[in-house]
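*Asks:* Build the 3D model from these lines:
(chains A and B)
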2 protein chains.
Amino acid sequence: MLFVKEAVTASAPAKVILFGEHFVVYGEPAVVLAIDKRVYAFVKARKDKQIHVNSKDLGISGFFKEEIFQPERGGKSARIKLEPIKNAIQQVLDRAERKFGVDAEVHSSVPVSAGLGSSAAVAASTVAAVAHLLAVKLTLDEIFHVALEAERQIHGTPSGIDPAISTYGGMLLFQKEKGFTPLNVQADLPLVVGNTGVEHSTGDLVASVCQKRDRYPSIIDPILKVGGKIAVEAVEALKRADLPTVGELMNLNHTLLSALGVSHESLDRLVFAARKSGAYGAKLTGGGGGGCMVALTKTDKREKVINAIEQAGGSAFIARKTDEGVRIEP
Amino acid sequence: MLFVKEAVTASAPAKVILFGEHFVVYGEPAVVLAIDKRVYAFVKARKDKQIHVNSKDLGISGFFKEEIFQPERGGKSARIKLEPIKNAIQQVLDRAERKFGVDAEVHSSVPVSAGLGSSAAVAASTVAAVAHLLAVKLTLDEIFHVALEAERQIHGTPSGIDPAISTYGGMLLFQKEKGFTPLNVQADLPLVVGNTGVEHSTGDLVASVCQKRDRYPSIIDPILKVGGKIAVEAVEALKRADLPTVGELMNLNHTLLSALGVSHESLDRLVFAARKSGAYGAKLTGGGGGGCMVALTKTDKREKVINAIEQAGGSAFIARKTDEGVRIEP
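*Replies:* Here you go, the predicted structure:
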């Protein structure tokens, strides 16, 4: 048998940023957690050294043969979105003793391009699956670095939050220069994620905050610092399982994100709906300008919050913190 | 003839706070302007020394004979709202050479209890009307002080912004301890005021901000300081007639008011509607929690903004800065 396995499925969790998106770009701390919604990478070895990538969610697929891309579905522009996955696979292939090709099919159980870290989870799960397939031993740290490299090809200079949480799972405090600190939070965190369905570009939003800061430094700089203080207070509240305070701090965080100009009417509508239906707190999560919001609520109020979000025009699902990072599926 | 005049009508302007409501309680500057919507006090002398007060807007009226109140419309509870007007009248009567009674009828062209300063305008216009009726010479400063005293009986410890702007008109910068500074702003300021119709209690909202500050001083204190910086930047932008910047600062101010917890879904809806229909910026004005919002727009877009606010469930009217403070009507 040429391969350790005929086929391997690996998965990695999506994430929500509970505190500090955007502020993190300016050196403030952010709190991120892995949620029990996963991205799956199904891989098979090929004898022809080609790499075939199929994104079921994006409805695009194609073959890479060295530097040549042959689209299958989605036309030539599919290359931009498939190439990071191919590159992640290639990095593992480069470490394998024998040279093969790979068939990779990826599927996300969360909305893609919605601020939930699906692209990093795709990268982490694909890397893990291919490594397992070809008996390449990779540590979690190595998986993280390969996934981060794939993210760089999509987002330019990502903070690294997404590939880290997809790889390690759990809850992390991240701060530029200080890096990642695992947060040992015992509290159950019943979350509801609401999707506005409004498309946004995280890169454009990051740039708009930067412009606003250039324009009003005496106003924006202290707001950025306050964002950091909210994350610090939130960590303490999370550790003592004080969910009402965590919720209140999420509300505060949301207003400061609005001050940075990254909220959106569609987000505010869902946030208000969640709060009114009994959530402890709610805020946008991720880049903003559309995309998703997250609400913290009581376990027995999750359905009510979901209904409220749906009535307000969004789609919603229950999410919980998971300690399971990237893993090989049986 | 016993009286200088048979009957006198005086008026005083309503106001909008453009920047700094709530922040002003904590020593930060606020920018307030008188608008071309006025409150009218129509007074006649009575020979019987009784004071009769009729609030057409509230639909309440009654007689005061020394300390006895005889309700006419609105029952005994009408006393609470009519007594400040009676007290303002009494202060003028105390300065008159001969003792008479007064019939006072007040009417506001702006919604009452909506954060537009109608009660202070009632006080200022009533004081001016009664003084003119009885040939009591009062300076503007004296009218201000009598109106402020009447406000104290309604709001406890008002900042004094409302009676000041109703008395002097124009635009004022107010800061605790520093007091009032007239702002010489030449720019035309085409404003649209939107009323949510949602009732609120300014006193409760002020108290809730105080509680939030006690709970999260490291977060709220810097937000309060930023609110002050926004007002300072806004004064500069107003002086150079840079309306796009004024609008952007209004938007920022609104998000920080949201952070203090004094916005409301109904306000946010109107604020978003105004921004989307082409306003330079929009924010709640006054106490928040309902009440009114104000949008700055181009003159030729005012109707569009009004339509958008009305479609979003509010009622709206055009307002412009006025330099006319309290005055005797011909």
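*Asks:* Please make it C-alpha for all contacts and neighbour counts, starting now.
*Replies:* Will do.
*Asks:* So what touches the longest helix anywhere in chain A?
*Replies:* Identified as the longest helix of chain A according to DSSP state H is helix A:217-239. Residues outside helix A:217-239 that contact it (Cα atoms under 8 Å, 6 or more residues apart in numbering or on different chains) are A:19-20, A:23, A:26, A:28-31, A:184-187, A:212-213, A:243, A:245-246, A:249, A:252-253, A:256, A:260, B:218-219, B:222-223, B:226, B:229-230.
*Asks:* how far does the helix or strand just after it sit from the chain's center?
*Replies:* Sequence order places helix A:243-259 as the next helix or strand after helix A:217-239, per DSSP states H and E. Taking Cα atoms, centre = their mean, to the nearest Å, one finds the center of helix A:243-259 at 20 Å from the center of the full chain.
*Asks:* tell me what helix A:243-259 is packed against?
*Replies:* Counting contacts by 3 or more Cα pairs under 8 Å, 6 or more residues apart in numbering or on different chains; DSSP states H and E, helix A:243-259 is packed against strand A:7-19, helix A:217-239, strand A:281-285, strand A:292-296, helix B:243-259.
*Asks:* Buried residues, stretch A:285-305. List them.
*Replies:* Within stretch A:285-305, the residues scored as buried using 16 or more other Cα atoms under 10 Å in any protein chain shown are A:285-298, A:302-303, A:305.
*Asks:* Dig out what the residue nearest to A:Tyr40 when sequence neighbours are not counted forms beta bridges with.
*Replies:* Excluding the flanking residues, the one nearest A:Tyr40 by Cα to Cα, 6 or more residues apart in numbering or on different chains is A:Ser11, at 4.4 Å. Under DSSP bridges, the beta-bridge partners of A:Ser11 are A:Tyr40, A:Arg327.
*Asks:* State the number of residues packed around A:Ser11.
*Replies:* Residues lying near A:Ser11 (other Cα atoms under 10 Å in any protein chain shown) number 31.
*Asks:* For it, give me its contacts.
*Replies:* Counting by Cα under 8 Å, 6+ apart, A:Ser11 has contacts A:Arg38, A:Val39, A:Tyr40, A:Ala41, A:Ala121, A:Ala124, A:Ser125, A:Thr126, A:Val326, A:Arg327, A:Ile328, A:Glu329.
*Asks:* what pLDDT does the last one get?
*Replies:* Think A:Glu329. pLDDT, A:Glu329: 95.
*Asks:* so it makes contact with A:Ala12?
*Replies:* No. With contact defined as Cα atoms under 8 Å, A:Glu329 does not count as touching A:Ala12 (9.9 Å).
*Asks:* who's more crowded, the two?
*Replies:* Here A:Glu329 and A:Ala12 are compared on neighbour count by other Cα under 10 Å; more neighbours surround A:Ala12, at 35 against 13.
*Asks:* you'd agree that one is up against A:Thr167?
*Replies:* Yes. Look at A:Ala12 against A:Thr167 with Cα under 8 Å: they come within range, at 6.6 Å.
*Asks:* how close does A:Val330 sit to chain B?
*Replies:* To be clear, residue A:330 is Pro; Val isn't right here. Using Cα to the nearest Cα, to the nearest Å, A:Pro330 is found at 47 Å from chain B.
*Asks:* What strand or helix carries that residue?
*Replies:* Here A:Pro330 is assigned to no helix or strand, by DSSP H and E.
*Asks:* Tell me which stretches of chain A form helices.
*Replies:* Going by DSSP H, chain A shows helices at A:78-93, A:118-133, A:140-155, A:161-168, A:202-215, A:217-239, A:243-259, A:265-276, A:302-311.
*Asks:* For the longest helix of chain A, C-alpha coordinates in CSV please.
*Replies:* Below are the C-alpha coordinates for helix A:217-239, written out as CSV (Å, rounded to 0.1, in the frame of the first residue of the first chain):
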residue,chain,number,x,y,z
PRO,A,217,-6.3,60.8,16.6
SER,A,218,-7.3,62.5,19.8
ILE,A,219,-10.7,60.8,19.6
ILE,A,220,-9.9,57.4,18.2
ASP,A,221,-6.7,56.6,20.1
PRO,A,222,-8.4,56.7,23.5
ILE,A,223,-11.3,54.7,22.1
LEU,A,224,-8.8,52.0,21.0
LYS,A,225,-7.3,51.9,24.5
VAL,A,226,-10.8,51.6,26.1
GLY,A,227,-11.4,48.6,23.8
GLY,A,228,-8.4,47.0,25.3
LYS,A,229,-9.7,47.7,28.8
ILE,A,230,-13.0,46.0,28.0
ALA,A,231,-11.1,42.9,26.9
VAL,A,232,-9.1,42.8,30.1
GLU,A,233,-12.3,43.3,32.3
ALA,A,234,-14.0,40.6,30.2
VAL,A,235,-11.2,38.0,30.9
GLU,A,236,-11.8,38.5,34.6
ALA,A,237,-15.6,38.2,34.3
LEU,A,238,-15.1,35.1,32.1
LYS,A,239,-12.9,33.5,34.7
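*Asks:* Can you give me the buried ones in that helix?
*Replies:* For helix A:217-239, by 16+ other Cα under 10 Å, it's A:219-221, A:223-235, A:237-238.
*Asks:* Could you pull up the contacting residues of the closest residue to A:Gln153 other than its chain neighbours?
*Replies:* Nearest non-adjacent residue to A:Gln153, counting by Cα to Cα, 6+ apart: A:Pro84, 6.1 Å away. By Cα under 8 Å, 6+ apart, the contact list for A:Pro84 reads A:Ala123, A:Ala150, A:Glu151, A:Gln153, A:Ile154.
*Asks:* Pretty sure the third one sits against A:Ser118.
*Replies:* It refers to A:Glu151. No. At 10.6 Å, A:Glu151 and A:Ser118 do not qualify as touching, with contact defined as Cα under 8 Å.
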